[in-house]
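*Asks:* Sequence below, structure please.
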Amino acid sequence: MDFNRQFYDTPIILGRPFLHTGVVLGHIVSERGLEVDRVKIDIISKMKPPNSVKQIRSFLGHAGYYRKFIQDFSKICKPLTMLLSKDVSFNFDEKCFESFSEIKRLLTEAPILQAPDWSLPFEIMCDASNYAVGAVLGQTKE
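*Replies:* You can find the predicted model right below:
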C-alpha cells in the first residue's frame, strides 16, 4: 500500500487521558487555561536594560510574544518603541527604564487566560489614545 494513501486514510486520535498539562509554542496549556511558560519568562526577567536599538528590538520581540497577557502592553512599551524611530538618538532614560521594568514585572505576574464559557454573553471593551488602540473580548463571571 502507498505510504501517502495510508497516512491520509489513518484517523488521528487526539485523546490524552493521562496528560493534564503541556507546553505548546511557549505557552503552558492545561485544564486551567493558557499560561506563560515560566522558563521563558525567567529568561526575560533576567535581561539587563538594553543599551542599543538591537537589544530594544530583541526585548520587545521576546516580551511582545506574550502581549496578550499584559493589559495596555503598547502603552507601557511606548517609551521603548519610540527609541526604534529612525530620527531619534538612542537615549535610554528613566521613562524607558520604568517601561522595561514594568513589562518584566507584569510578565512574572501574568494571569491565566481561560477558554470562553459559551453559555455566558460576551462583552467588547475598547480603548484608544493618540498612540495606541486596544480592544478586549471578554466575559463576566459571577
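
*Asks:* residue contacts, the closest residue in space to Ile56 that isn't next to it in sequence?
*Replies:* Leaving aside its sequence neighbours, Ile56 sits nearest to Pro50 (C-beta to C-beta, 6 or more residues apart in numbering; 4.7 Å). (Each C-beta comes from the backbone N, C-alpha and C, glycine too.) Residues near Pro50 by C-beta atoms under 8 Å, 6 or more residues apart in numbering: 56, 58-59, 80, 92, 100.

*Asks:* Apply 10 Å and report the result again.
*Replies:* Residues in contact with Pro50 (C-beta atoms under 10 Å, 6 or more residues apart in numbering) are 56-60, 80, 83, 90, 92, 96-97, 100.

*Asks:* Look at it and give its secondary structure.
*Replies:* In three-state terms, and counting by DSSP: H, G, I helix; E, B strand; the rest coil, Pro50 is coil.

*Asks:* Sort out for me which of the contacts of Pro50 are in helices.
*Replies:* Using DSSP state H, the members of the contacts of Pro50 that fall in helices are 56-60, 80, 96-97, 100.

*Asks:* Restrict those residues to the buried ones and give me that as a ChimeraX selection.
*Replies:* The buried residues among the ones in helices among the contacts of Pro50 can be selected in ChimeraX (16 or more other C-beta atoms under 10 Å) with this line:
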select :56,57,59,60,80,96,100
